[in-house]
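1. need coordinates for the following:
(one chain, ligands or ions: 1)
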Amino acid sequence: MNLFRCLPSVDALLKALDAVNPALPALPRPYLADLAADFLEEQRSAIRNGLLHDPEHLRLAALLPMLRERASQAARPHLRPAINATGVVLHTNMGRAPLAREAVAAVTAIAGSYSNLELDLATGERGSRYSHVEDLIRRLTGAEAALVVNNNAAAVLLILDTLCKGREVPVSRGQLVEIGGSFRIPEIMEKSGVILREVGTTNRTTLKDYENALNDQTGAILRVHTSNYRIIGFTADASIADLARLAQSRNLPLIDDLGSGSLYDFSPFGLPDEPRVADSLRDGADVLAFSGDKLLGGPQAGIICGKSQWIARIKANPLNRALRVDKMTLAALEATLRLYLDPAEAVRRIPALGMITAPPAELAARARRLARRLRRALAGQAHIRLTPGVSAVGGGSFPEHNPPTTLVSITPTVCSVETLRQRLLAATPPLIARVERDALHLDPRTLRDDEYGPTASALEQALSENGNNCSGFPARTLART
Ligand SMILES: *Cc1c(COP(=O)(O)O)cnc(C)c1O
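-> Presented below is the predicted three-dimensional model:
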C-alpha cells in the first residue's frame, strides 16, 4: 500500500479544520496553510524514514487533532506571561523583576502615543531623553548627573569605551566576575579596547597592589561588585574610600560596577551586604553602573551616574547611540524611581522588594492558604504538604542569602513528578516550579495572590491529563511552531 496516498491534501485539512473550529483564533489564512503544508511534509518524511506504518494514523481524522493543536499553539504569542513558583525573585530566565502597577501603566500610556521623549516642552526645541529620569536619579542617589542605557552590561562597556580606551585599568583578581549569560569582566574590557591590569590575588588585594599597578598608561581604577559569589576566609580588599583617594591623587576616575546597585536599605531584613548606590557615591566613586531590573525592581536598563565631568563625556560618546534606551523602558523606569521617593511606598508597590522582604510568617500563612486550595482541587491525585525551605533573591544578588520560606510540596499519585513538571510547562499560563526529592515545590514568595487560581487550574489540568495525551504527538515537534 502506498502510505503517501493516505495523506489528505492541504485543502482538505484546512476545510476540515474550518468545520471543527471555524473560530480558530486570529491565524491568517496563508500562515495556517503554511502550517498545514509543513505538517504534511513532516508526515511524509516520517513515512520515508519508516516511522509511520499504520495507514489509520495518516487519515484526516487522525491528523486533524494534531494540526488543530499546532494551530492553536501558533495562534498564541510566543512570549507570554508565566507563573513563577520557584521562589527565585529576580529569575533572569523569567524576565527578572516584574514591574510595579504604576510602571506598567506608564508603559501603556507612552507606548501607543507620541510623547515628549526628546522634546523640551518649555521651548519646543529638541530635548534629552535622559531628562525624564536624571533628576530622580540625582535625588535618590546624590549623584551629580546620570544617563540610562540598554542594560548594565552596556553601561560598563560604554563607560570603559569613553574613559579608558587604549589605556590600562587595574582590577582586583578577586573581582574578575562572570555574570550568567556570558558577561565576563575580562572580555567586556577587551571589547572596549581596555588593557586589563590584574592586581592582587583571588582572596587578597590591598591598596598597595593598586598603587603599584598605576602608571602613566592607567585610564581608571575599576571596582566590580562580586554579585553572584563571595570570597570568604583569609581575605582583604581595598575600600571604595581608599580607592577613591588613590584615584583622585592621580586624576583618574574610580569606576564602580555595582551590579544590582540597590536604592533600598535591605539591612533591617537581615540582608546587609548588597552595596547601595548612595553609599558608593558618598565614599567617593566617580562613575557608577547598575541594573534597572535587579534589586531596583524596574525594567531592563543600565543606569550610569556619578560626577558631571565624567558623565558629560559618556553622554557625548557616539557609541551611546547604539546602546540607547527606548521610550517604554524610560516610562517604566521613571514610574519605578518615583516610588522610591517614599521608601515605605517602594517596598509596598514594587513587587520585587515586597517579595524579597516578605516575612516568614506571612509566607507560611500564604502557603497554608495555597495548600488548602490545592487539596480541594487535587483530591486523590496528589499528596500535598507544607515543608520548610529556602528561596533565593536571584539576578546575582545576595548569593549566600537564602531567605526562609514555607513550600507547598506536591507528590502526584497519578504520574511521576517529572511528568507533572513537564505538563506544567505546557500549561496556559506555564507554571514553573522546583523539583526536589520526588516532589514539586511551590514557593509562595514569588506567587501573586491572583495567581493561586491559575496555579490550581494548571495542576488540576496537568494531573487529569493521563490517558489523553494528544495522540502521542511528540512534544518536541509541537514546541517548534
Ligand atoms: C548583573 C551584572 C552585570 C550585567 O548587568 P545586566 O543588567 O544583566 O546587563 C554587570 N556587572 C555586574 C557586577 C553584575 O552583577
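
2. hey, let's count contacts and neighbours off CA atoms from now on
-> Noted.

3. quick one: low-confidence parts of the stretch 201-350 of the chain?
-> Residues of the stretch 201-350 of the chain meeting the criterion pLDDT under 70: none.

4. who's in contact with D256?
-> L222, R223, V224, H225, S280, A285, D286, V287, L288, A289 (Cα atoms under 8 Å, 6 or more residues apart in numbering).

5. quick one: the second one is in a strand?
-> The one in question is R223. Yes. Checked against DSSP: H, G, I helix; E, B strand; the rest coil, R223 lies within a strand.

6. and the nearest residue to T202 once chain neighbours are set aside, how many neighbours does it have?
-> The spatially closest residue to T202, leaving aside those adjacent along the chain, is G174, at 4.1 Å (Cα to Cα, 6 or more residues apart in numbering). The tally of other residues near G174 (other Cα atoms under 10 Å) stands at 22.

7. gap between G174 and the ligand?
-> 12 Å (Cα to the nearest ligand atom, to the nearest Å).

8. now narrow the contacts of D256 to whatever sits close to the ligand.
-> For the ligand, the contacts drawn from the contacts of D256 by Cα under 6 Å from any ligand atom are V224, H225.

9. in JSON lines, list the contacts of D256 along with neighbour count.
-> Shown next, in JSON lines, are the contacts of D256 (neighbours: other Cα atoms under 10 Å):
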{"residue": "L222", "neighbour count": "23"}
{"residue": "R223", "neighbour count": "23"}
{"residue": "V224", "neighbour count": "18"}
{"residue": "H225", "neighbour count": "21"}
{"residue": "S280", "neighbour count": "22"}
{"residue": "A285", "neighbour count": "30"}
{"residue": "D286", "neighbour count": "25"}
{"residue": "V287", "neighbour count": "27"}
{"residue": "L288", "neighbour count": "28"}
{"residue": "A289", "neighbour count": "29"}
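
10. which two of the contacts of D256 have the greatest separation?
-> Among the contacts of D256, the pair separated by the greatest distance (Cα to Cα) is H225 and D286, at 15.2 Å.

11. can you give me the strands in the stretch 51-200 of the chain?
-> For the stretch 51-200 of the chain, strands defined by DSSP state E, counting those that start in this stretch occupy the ranges 83-84, 88-90, 145-149, 168-172, 178-179, 183-184, 195-199.

12. lowest average pLDDT across these?
-> When those are ranked by mean pLDDT, strand 178-179 comes last with a mean of 88.

13. closest approach to the ligand from the stretch 351-481 of the chain, which residue is it?
-> G396 (5.6 Å; Cα to the nearest ligand atom).

14. can you report phi and psi for that residue?
-> Main-chain dihedrals, G396, degrees, to the nearest 10: phi 60, psi 40.

15. quick one: it from R96, how far?
-> 11 Å (Cα to Cα, to the nearest Å).

16. any idea how the chain splits into domains?
-> 9-75, 83-92+356-468, 138-323 (automatic domain parsing).

17. doesn't L17 belong to a helix?
-> Yes. Counting by three-state DSSP, L17 is found in a helix.

18. that one: neighbour count?
-> Neighbours of L17 using other Cα under 10 Å come to 20.

19. residues contacting it?
-> L64, R68.
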